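[1] Quick one, fold the following:
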Amino acid sequence: MTAADVAQAVGVSRATVGYVLNDTPGARISAQTRERVLREAARLGYQPSTAAQALARGRSRIVLVVLPDWPIEFTLRTHLEEAARVLDDAGYATITYTHHESEHAQPLWKLVDPEVVVGLVPFTPAQLRSIRAAGISRITPDPDERPDIGAVPAVVAGPRLQVRHLASLGHRALAFAASADRRHAGLAAVRRQAVEREAAALGLDVLDARAVDHRDGRLPAVLRAWLSAGVTGVVAFNDDIAGMIAGTAVRARIAVPRDLSVVGHDDTPMAAYFAPTISSVGLDSVGFGRWMARQALDLAEGRTPTADLPEPAVFLVERESTGPARPPAAGEGARPSG
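    Numbering: from 1, shown residues only. Sure, this is the predicted structure:
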């Protein structure tokens with residue numbers, strides 16, 4: 001079925017059918033003719049080409065979301081799903097794209113025609129030059145601001161709450177456990193810094209900070225070294241790391257939380273299924289997804305973005321992996337090495 005079939009059935013030109021179905025601005029089509037074309041197109045089951053519509057309107061109605069090279073885990077997935085839903089409700093398609101530093105292929109903003117390019121984290125100067133060279137001017141975050149990711153409230157609010165939770169239970173000596181996945185390195189460094197700053201503000205000590213990996217067989221020894229140094233609370237990069245530490249501790253006959261408390265980040269569904277269950281900090285990923293979508297829609301429709309970044313709705317779900325700090329044992333206090 002083609003536009004020519006609709007035009008023949010109604011008795012109008014193909015151009016008229018195109019004007020009606022593409023809702024072309026400025027086209028002088030009577031209401032009666034418009035209604036007849038729409039009714040006949042529906043009867044014949046004709047669907048105009050999306051590409052043709054975009055060409056006719058001069059708009060693609062595509063929003064390109066550029067992701068850092070992070071694993072797509074629960075919090076990020078929820079964020080993106082909600083943003084895509086809001087954009088879809090407004091008639092926009094969402095394409096996500098991970099830009100790799102060592103990438104040899106053309107960046108996707110050169111291969112599609114997005115109306116807006118959205119960065120989950122601020123773009124680098126090189127990325128901005130490439131995006132602008134592709135003729136794209138609608139970019140968020142604001143290229144003129146480029147905030148340090150470590151200053152973004154949504155990034156540092158979770159680690160701060162992790163520290164405050166352990167402090168409220170009497171823990172004075174902490175360790176920070178990061179992921180060994182190199183893709184987490186940048187975000188882990190930012191969270192570690194937030195943990196250290198919050199701990200210092202509360203008068204706590206972060207005695208050790210390291211990436212941990214159960215596959216190298218050293219984690220039980222790391223946990224024992226933490227205990228010997230006086231560590232009673234562990235701030236984990238995410239729930240997977242928290243579950244890894246809690247599970248390893250239990251198998252090493254280290255009681256959680258009596259000997260060692262562990263708090264995770266992201267409040268993933270799996271946190272409630274580890275043994276012991278994982279206390280975790282979560283963020284309002286749905287709210288942030290909506291905010292990102294509103295920013296993109298404002299730009300796409302030619303409006304100045306007005307939606308201020310919301311204060312992060314950070315929450316703690318307390319489960320079995322955290323409890324009151326144990327009193328220090330004799331001989332504890334040597335910082336762990338390695």
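
[2] make it CA atoms for all contacts and neighbour counts henceforth
    Noted.

[3] residues in contact with residue 143?
    122-123, 128 (C-alpha atoms under 8 Å, 6 or more residues apart in numbering).

[4] Pull out the buried members of these.
    122-123, 128 (16 or more other C-alpha atoms under 10 Å).

[5] I'd like those residues laid out as a markdown table, including distance to residue 90.
    As requested, the buried ones among the contacts of residue 143 are exported to a markdown table (distance: C-alpha to C-alpha, whole Å):
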| residue | distance to residue 90 |
| --- | --- |
| 122 | 25 |
| 123 | 25 |
| 128 | 26 |
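
[6] Looking at those, which is nearest residue 270?
    Closest to residue 270 out of the buried ones among the contacts of residue 143 is residue 122 (30.1 Å), distances taken as C-alpha to C-alpha.

[7] give me the number of residues near residue 9?
    Residues contacting residue 9 under the criterion other C-alpha atoms under 10 Å number 14.

[8] and this protein, what are its domains?
    3-57, 62-147, 151-278 (automatic domain parsing).

[9] Find the nearest non-adjacent residue to residue 319, please.
    residue 279 (4.4 Å; C-alpha to C-alpha, 6 or more residues apart in numbering).

[10] from what I can see that neighbour touches residue 263, true?
    Yes. Using C-alpha atoms under 8 Å, residue 279 makes contact with residue 263 at a distance of 5.1 Å.

[11] circling back: quick one: which of the contacts of residue 143 sit in helices?
    residue 128 (DSSP state H).

[12] from the contacts of residue 143, which is closest to residue 186?
    Using C-alpha to C-alpha, the contacts of residue 143 come closest to residue 186 at residue 122, 13.1 Å.

[13] How about the contacts made by the spatially most central residue of the chain?
    By C-alpha atoms, centre = their mean, the chain has its centre lying nearest to residue 76, at 3.2 Å. By C-alpha under 8 Å, 6+ apart, residue 76 lies in contact with residue 285.

[14] That one belongs to a helix, doesn't it?
    Yes. Residue 76: assigned to a helix according to DSSP: H, G, I helix; E, B strand; the rest coil.

[15] List just the nearest of the buried ones among the contacts of residue 143 to residue 100.
    residue 123 (12.5 Å).

[16] Could I get the phi/psi values of the closest one?
    Dihedral angles of residue 123 (phi, psi; degrees, to the nearest 10) stand at phi -70, psi 150.

[17] Quick one, grab the pLDDT at it.
    pLDDT recorded at residue 123 is 88.

[18] burial count for the residue nearest to residue 319?
    Residue 279, neighbours per other C-alpha under 10 Å, totals 26.

[19] do residue 133 as well
    The burial count for residue 133: 12, using other C-alpha under 10 Å.

[20] can you map out the helices along this structure?
    3-10, 14-21, 31-44, 50-57, 74-89, 125-133, 153-168, 185-201, 219-229, 239-251, 285-300.

[21] hey, C-alpha coordinates of the first one in CSV?
    Coordinates of the C-alpha atoms in helix 3-10 are reproduced here as CSV (Å, rounded to 0.1, in the frame of the first residue of the first chain):
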residue,chain,number,x,y,z
ALA,A,3,0.6,7.1,-0.8
ALA,A,4,-0.5,6.9,-4.5
ASP,A,5,-3.2,4.4,-3.5
VAL,A,6,-4.6,6.7,-0.9
ALA,A,7,-4.4,9.7,-3.3
GLN,A,8,-6.3,7.7,-6.0
ALA,A,9,-9.0,6.6,-3.5
VAL,A,10,-9.6,10.1,-2.3
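
[22] what about residue 133, distance to residue 140?
    16 Å (C-alpha to C-alpha, to the nearest Å).

[23] can you check residue 253 too?
    Where residue 140 is concerned, residue 253 sits at a distance of 50 Å (C-alpha to C-alpha).

[24] Of those two, which one has the most company?
    Set side by side, residue 253 and residue 140 show unequal neighbour counts under other C-alpha under 10 Å, the larger going to residue 140 at 23 against 11.

[25] All set, thanks.
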